[in-house]
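Asks: Generate coordinates for the sequence data below:
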Amino acid sequence: MTLFYRQNFCLIFFFFFIISSISAQTFSVSGVVRDAKTAEVVPFANVFIANTTKGTTTNEKGEYTLTKIPFGTVVISVSMLGYAPARQTIREENVTIKEIDFTLNPNEQELSEVKVSSSRDKTWEKQFQRFSKAILGETPLAKSCTIKDSYLIDFEEIKGILKATTTRPIELENLALGYRVFFTLTSFLLSNDEIQYQGYARFEELKPVSEKEQKNWIINKKMAFEGSDRHLFWSLANQKLKAEGYEAFVDAVGFNPANRLGNFYGQLGKSILSISLDSLIKKGRIANEFRIKLPKRIELHFASPYFNGQFYRDDNRMISWVEASKDLDFNDNGVIQNPKDLVVSGFMSNKRLAEMLPLDYLPSETTQREIPQTKTNIELDSTTQKSVWRLQEQVQLSTNKSYYHANENLWFSGKMLYADVSMSDSISKVVYVEWINPQNELISRQKYRVDSLHFQGMLNLPSNLLLGNYRLRAYTKWMLNFGDSTIFEHIVPVISPKQYIAERRPLDKNNVTNNSSIKLITDKKTYQSREKIIVQIEGLKAENLIVSVTDSMVIRRVKSLETKAKSFLSVSSFKILPAFKYLAETGLTLSGKVLDKNKKPTLANLVFYFGKAQYTVTAQTDTEGRFSVSGIQLSDTTDINYQATDLKGRLLNKILFDIEEFPIIKSSVTALSFEIKDLNETVFIEKDIDLPKDAIHLDEVSIRTKRTEKQFVSKPIYGNPDFTVYAKDMGPALIGMNPVLALQGKVPGVQITYADGRIKVRIRGGQNSIEGDSAPLYLIDGFPVEDVNSLLSVNFDNIDRIEVLKTSRAMFGSRGANGVIAIYTKSSVSKPSERNIAGLKASAKQLTIIGFQEVKPFFSPNYGTAQVKESSKPDMRTTIFWQPKLSKNTFSFHAADNAGVYRILVKNGNETSEVFVEVKR
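Replies: A predicted model of the protein is given here:
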């Protein structure tokens, strides 16, 4: 078995070439603002990027658009009189257009009775003075900043802590900087020695009354900017920390900063040490971002042209302290992307609202910086447009029925489609299929391997499934480069067994596809129950046809619920280059970062042992500690042993694996054109059948044993088993036979039958089905094997024990639904210090990943023999036959017990044909 596929180098070269030559650095956001209760649009609402001058208002339809937003993290806020403010934090790195809708909750507070008095509330005035002084600051610029609507602020003081709240944004008029600021206060706490406040602002520029005032504003803005946290990180981003007047220092190891003396230079080189922050800066995730990890608390000395410091007697620079709990990300404008992780004190902390500048402000003389400038949104020529258009692929799913009942199996067939047929089967090999409930919540996500453009799957609908309109969503990661509109979605109603679905109105003739070239011919028109039905296909060469046979008396065909292929984006729609954030997947991917003992990225060698495939893969990290292993071909839930070592062979324990990214789930916009009606009789859902009459049925036997031998037993990853049978308790007569026979009569709830040379095992409590066998999952030393016959290769003399799990474990996925039989060899029970799996050391770690979903074929009973045909077990299936990939012009199946009319439906792409046959008892 080949574990890895070679990437398509021509394809990768193409989009790396065009990506490297074109890089967009801004994006746009648009959407609609609505009332949260009435869902009506809210016109003339303020929509703005928090803490900037960039904003707009919604039109009469509640629509808004914000453009030229720099890539990175921003907060989009919405405010409107009579509503509580709303905001969303988003981060974009390459998507140029984004849609975000807002809902505003009305403020429904009743106005309390107001008594007008000639005397002033002295307590409130004192509280407001403390509040104003704390939130505006005490710098010279704060004197020209006033709060215009102070009456909106309420105060509460408990045990010396002053708390301020307001239901509307506070309006500030800052005549020192030339801004009107609408500040939404989210929290405010003030004690004797500490102030904590949070909020976000919308800036409006004032018009100067004179040229002198305009010049003063320019000077004051520069004064407010210099020495601020933005100035610091702007200086770091542009490698001009020293040129801007900063020096950085750290406390010496073991020194208590509380013992700091007033003489700075007398301590320099002893208790306080110089540090270069420039050497700690690394490139961020996008072109204009940077990252820095501060080793400890940093003391900053800033030479301000406007102020003189008073902290040290021999150093009149302004002193600040900064520390961060995590790595700090910031852009080339000095805007910190994760400000909550930064703590500042000293001079820098004195810059409050009166000196707060919008994030899109920079002094004019600092705008010309030596950083690469690239054009954004460059329009593509026609040749490049065609090249990008050719890279489109889509997924189409077809289900065996139009709707379902709980406790049924949903079978589906998947097909890959391509804008350019010549690109077929050359891009993605991995498809994600999601099952989403009516509340837009993800229930399950499965991965499927694409084989010759096709894949197939099955979802088991539990008996307690709530009724409603569910959704199947399917996509490849590569499709996400072309936007969410390319994702395949299909409505799947789940209704009561007492109901059926019918079209709400006649379909348009253009949507009727029964006038196809496919012709279906049956050998008879009328059949008896359990009789063989033979169907011949004419009119086309059978190649990957989809066949579904259902009982039309209880399951209607609803054409509006049948899936159709989407249209690809047109060539002309590619005005600019997609971001190509996602690569085409040929298999599963493991990626992440390796850290050394100091939690810093490091060069390392990695070894991965894929136990199920018995395959070892090695990888190396780059200078940032990053690694990636792609093209992995593994099925179901699989354990991977792995270890990392440094270049000297020493073990590294800190390996951080990346978390997969998936598209967000939005509400469905599909218009429904069907209605639910009641049936005269309840649909009988049956999912079990009798065993053949010639099968040998072994009775259950309960055996009590007492273990006396003390031995070392390795602890399995699934915890304690339900039952264990040890080698000494296995009969010698079984040597040379299948080890599973050792469980006969020794494990309660395990039934083993032997007929026609085949062993069948059923564990009571498993989820057995008429449409699939009842086989449990078989493991050898923790690794899954194909079936019970694979156990014949195990040497009986080397078996230590057999463990039985009667109930499923989540880690085994669908393959463990019928229980687990785990065989452990004697080599697996050696002490951990003595193990050596594929060359890995004893301390190798283990990771469980979800691989490709393996689906068993649809099970249709073969009533060709008298013993099976005469079985007393009723066969009342609603899906009689399902073949998702038929490649011949004839097929056959046996009728069930339910008399009526069967619909035989054959699908070829969007073309379908059907024929009906009658079944009598």
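
Asks: contacting residues around the spatially most central residue of the chain?
Replies: For the chain, the residue sitting closest to the mean C-alpha position, by CA atoms, centre = their mean, is residue 662 at 3.5 Å. By CB atoms under 8 Å, 6 or more residues apart in numbering, the contact set of residue 662 is 432, 445. (Glycine included, C-beta is placed from N, CA and C.)

Asks: let's see 10 Å
Replies: Residues near residue 662 by CB atoms under 10 Å, 6 or more residues apart in numbering: 432, 434, 442, 445, 473, 475, 477, 480.

Asks: so residue 181 makes contact with residue 173?
Replies: Yes. Residue 181 is within contact range of residue 173, at 8.0 Å (criterion: CB atoms under 10 Å).

Asks: quick one, which of these two is more surrounded?
Replies: It is residue 181, of residue 181 and residue 173, that has more neighbours when counted by other CB atoms under 10 Å, with 23 against 14.

Asks: Could you confirm that one falls within a helix?
Replies: No. If the criterion is DSSP: H, G, I helix; E, B strand; the rest coil, then residue 181 is strand and not within a helix.

Asks: For it, which non-adjacent residue is spatially closest?
Replies: The shortest distance from residue 181 to any non-neighbouring residue, by CB to CB, 6 or more residues apart in numbering, is to residue 172 (4.2 Å).

Asks: Could you double-check that the one you found lies in contact with residue 152?
Replies: No. Taking contacts as CB under 10 Å, residue 172 lies outside contact range of residue 152: 12.0 Å.

Asks: Of these two, which one has the most company?
Replies: residue 172 (22 against 15).

Asks: Show me the beta-bridge partners of that one.
Replies: Taking DSSP bridges as the rule, residue 172 bridges to residue 147, residue 181.

Asks: Report the contact partners of it.
Replies: Taking CB under 10 Å, 6+ apart, one finds 135-136, 145-149, 179-183, 201, 203, 353-354, 356 in contact with residue 172.

Asks: pLDDT score assigned to it?
Replies: pLDDT for residue 172: 91.

Asks: Could you name every residue contacting both of residue 181 and residue 173?
Replies: Joint contacts of residue 181 and residue 173 (CB under 10 Å, 6+ apart) are 145, 147, 148.

Asks: Out of these, which one has the weakest pLDDT?
Replies: Among those, residue 148 has the lowest pLDDT, at 87.

Asks: and that one, how many neighbours does it have?
Replies: Using other CB under 10 Å, residue 148 has 13 other residues around it.

Asks: and the gap between it and residue 77?
Replies: Computed as CB to CB, to the nearest Å, the residue 148 to residue 77 distance reads 19 Å.

Asks: Then residue 805?
Replies: Distance, residue 805 to residue 77, by CB to CB: 53 Å.

Asks: which residues of the stretch 451-600 of the chain fall in strands?
Replies: 454-460, 468-475, 488-495, 499-503, 519-522, 526-528, 532-538, 545-551, 588-595 (DSSP state E, counting those that start in this stretch).

Asks: Distance to residue 301, mean pLDDT and mean neighbour count added to those strands, as JSON lines?
Replies: Listed next are those as JSON lines, based on distance: least, CB to CB, whole Å; pLDDT from 0 to 100; neighbours: other CB atoms under 10 Å:
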{"stretch": "strand 454-460", "distance to residue 301": "63", "mean pLDDT": "92", "mean neighbour count": "21"}
{"stretch": "strand 468-475", "distance to residue 301": "54", "mean pLDDT": "95", "mean neighbour count": "20"}
{"stretch": "strand 488-495", "distance to residue 301": "59", "mean pLDDT": "94", "mean neighbour count": "20"}
{"stretch": "strand 499-503", "distance to residue 301": "75", "mean pLDDT": "89", "mean neighbour count": "16"}
{"stretch": "strand 519-522", "distance to residue 301": "86", "mean pLDDT": "92", "mean neighbour count": "15"}
{"stretch": "strand 526-528", "distance to residue 301": "94", "mean pLDDT": "94", "mean neighbour count": "14"}
{"stretch": "strand 532-538", "distance to residue 301": "85", "mean pLDDT": "93", "mean neighbour count": "16"}
{"stretch": "strand 545-551", "distance to residue 301": "74", "mean pLDDT": "93", "mean neighbour count": "23"}
{"stretch": "strand 588-595", "distance to residue 301": "32", "mean pLDDT": "90", "mean neighbour count": "19"}
